[in-house]
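# Sharing a model that was predicted from the sequence below.
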Amino acid sequence: MKLLVTHESHEVEVELHDEGDRLWLDLEGRRLEADVRRLPDGEVYSLLIGGRSYEVRVSTQPSGLEVTFQGATLPVGVRHPLEKVLQSAHRPTAGGGEETIVAPMPGVVVAIKVAPGDRVTAGQAVVVVEAMKMQNELAPRHDGVVRDVLVAERTSVSAGQPLMRLRAVDA
């Protein structure tokens, strides 16, 4: 799976492969291999890389992910390349129109936090998708009302698949 990873203004394409608890990461011509175990709190991962053990905390923030490694915390954005294409094609209509929340990458819906008819605000987590052992909270870019929930919890989804539709808040 290919992902776009952004830290500060630097964006790189990363290719991930996983099989069970084994992870391969290709980044800028380098390959990193690790054994990965998710610890009980759900945000901390134990990595075994080249015989050395590391702990990495990955927490979801409204602006993306926060990764803590060896005492340093870094804000990181992770997107599927398709999301970049979809965002560039997104043209808001006059008055806000509709917004569709889509899966940024293949994964499993682990939580739906709203129901049809609920009012939501920009940045509010409305659905959680787990991909590559990380939970991603998805949020609308604009205030609105949930029109349709298109998936159920524990449903597998593909990259770019519509998950929820919102309509603009009536004035």
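It's in.

# Please pull out the lowest mean pLDDT helix or strand from the protein.
Counting by mean pLDDT, DSSP states H and E, the chain has its least confident helix or strand at helix 81-89, which shows a mean of 58.

# I'd like the next helix or strand past that helix.
With elements assigned by DSSP states H and E, the helix or strand that comes after helix 81-89 is strand 98-102.

# what's the distance between the most centrally placed residue in the chain and Gly107?
Centroid-nearest residue in the chain, with C-alpha atoms, centre = their mean: Asn136, separated by 3.6 Å. Relative to Gly107, Asn136 is positioned 7 Å away (criterion: C-beta to C-beta, to the nearest Å). For the C-beta atoms, the positions are set from N, CA and C on the backbone; glycine is no exception.

# Could you tell me which residues touch both of the two?
The contact sets of Asn136 and Gly107 overlap at Val129, Glu130 (C-beta atoms under 8 Å, 6 or more residues apart in numbering).

# In this structure, where is pLDDT below threshold?
In the predicted model of the chain, residues 62-63, 82-96, 170-171 satisfy pLDDT under 70.

# Can you point out the buried residues in the helix or strand Thr60 falls within?
Here Thr60 sits within strand 52-61, counting by DSSP H and E. By 16 or more other C-beta atoms under 10 Å, the buried positions in strand 52-61 come out as Val56, Val58.

# Does anything pack onto the following helix or strand past it? Which helices or strands?
Using DSSP H and E, the next helix or strand after strand 52-61 towards the C-terminus is strand 64-69. With contacts taken as 3 or more C-beta pairs under 8 Å, 6 or more residues apart in numbering; DSSP states H and E, strand 64-69 sits against strand 52-61, strand 72-79.

# could I get the ones you listed as CSV with distance to Val12?
Formatted as CSV, the helices and strands packed on strand 64-69 follow (distance: least, C-beta to C-beta, whole Å):
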stretch, distance to Val12
strand 52-61, 17
strand 72-79, 11
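
# Could you point out which of these sits nearest Arg37?
strand 52-61 (10.0 Å; C-beta to C-beta).

# any idea of the angle that closest one forms with strand 64-69?
Angle of strand 52-61 versus strand 64-69, following axes from the mean of the first three to the mean of the last three C-alpha atoms, to 10 degrees, is 160 degrees.

# can you give me the angle strand 52-61 makes with strand 72-79?
60 degrees.

# what's strand 52-61 in contact with?
Contact partners of strand 52-61, identified using C-beta under 8 Å, 6+ apart, comprise 39, 43-48, 65-70, 75, 134-137.

# And stretch 152-169, by the same measure?
Contacts to stretch 152-169, defined as C-beta under 8 Å, 6+ apart, come from residues 80, 82-83, 86, 95-112, 114, 119-120, 126-127, 129, 138, 140, 142-151.
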